[in-house]
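S.K.: please find the sequence and the predicted model below.
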Amino acid sequence: MSIIPQDNRITSFVIDRTHDYIMYDTTDLVRAIGFPRQVVGLLLKDDEFHLSLFAVREEYGFDEAGYGRLEQVSCQAGAAMTTEPELTGDFLKLKDDVTGRETIIALAQWDELETWRDAIRKLIPQAEFIIPHITLYTNQKGALGYSDRHRDRVRVLDDAVVMTLRNILLRSKL
């Protein structure tokens, strides 16, 4: 994993070779909000938080040079971004019925994300992108991805929990 060892964070816009994902570090953003340690039996992640941007799938057929080109394009496009992602206030519960893994995610928006995606599309015209989200809570190590391929993982999250998380987010912006 592309991690800076002293604080266990991912390196933004770089391909995490363990999981073949490109991510953006949002640890400071999430920690500043002050979400509760536990919600509906799920624990707040305790290491790092990130916005998943892109899964480097086998079907893209990258060799080592291809990974290098993709990472270069990602980092160059990322370096040009001047804004930060924001949480939308929408929270979803995801569940994998086979593994029993559950997570709560916060959906995100980022005004410049489409510009970054356009740079990736120049290299991979058929690129599929992840729905912008940050995993906050999980019942196991690791989390569940959320993309158009995984919409079947969405489960009902109690309205009271959604309102609590939304109110915490809103208070953090005051």
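M.R.: Done, it's in.
S.K.: elements contacting the lengthiest strand in the chain?
M.R.: Longest strand in the chain, counting residues (DSSP state E): strand 86-95. Applying 3 or more Cβ pairs under 8 Å, 6 or more residues apart in numbering; DSSP states H and E, we find strand 86-95 packed against strand 102-109, strand 133-138, strand 154-155, helix 159-172. The way it works is simple: take the backbone N, C-alpha and C, and place the C-beta from them, glycine included.
S.K.: show me what that strand pairs with in its sheet, parallel or antiparallel.
M.R.: Partners of strand 86-95 in the sheet, by DSSP bridges, are strand 102-109 (antiparallel), strand 154-155 (antiparallel).
S.K.: returning to that earlier point: ranking the helices and strands packed on strand 86-95 by mean pLDDT, which is last?
M.R.: Note on the helices and strands packed on strand 86-95: lowest mean pLDDT is at strand 154-155, with a mean of 88.
S.K.: go through the strands paired with strand 86-95 and name the closest to residue 82.
M.R.: strand 102-109 (15.3 Å; Cβ to Cβ).
S.K.: between the strands paired with strand 86-95, which one is closest to residue 89.
M.R.: Residue 89 lies closest to strand 102-109 among the strands paired with strand 86-95, at 8.1 Å (Cβ to Cβ).
S.K.: just want the angle from that closest one to helix 159-172.
M.R.: Using axes from the mean of the first three to the mean of the last three Cα atoms, to 10 degrees, the direction of strand 102-109 lies 40 degrees away from that of helix 159-172.
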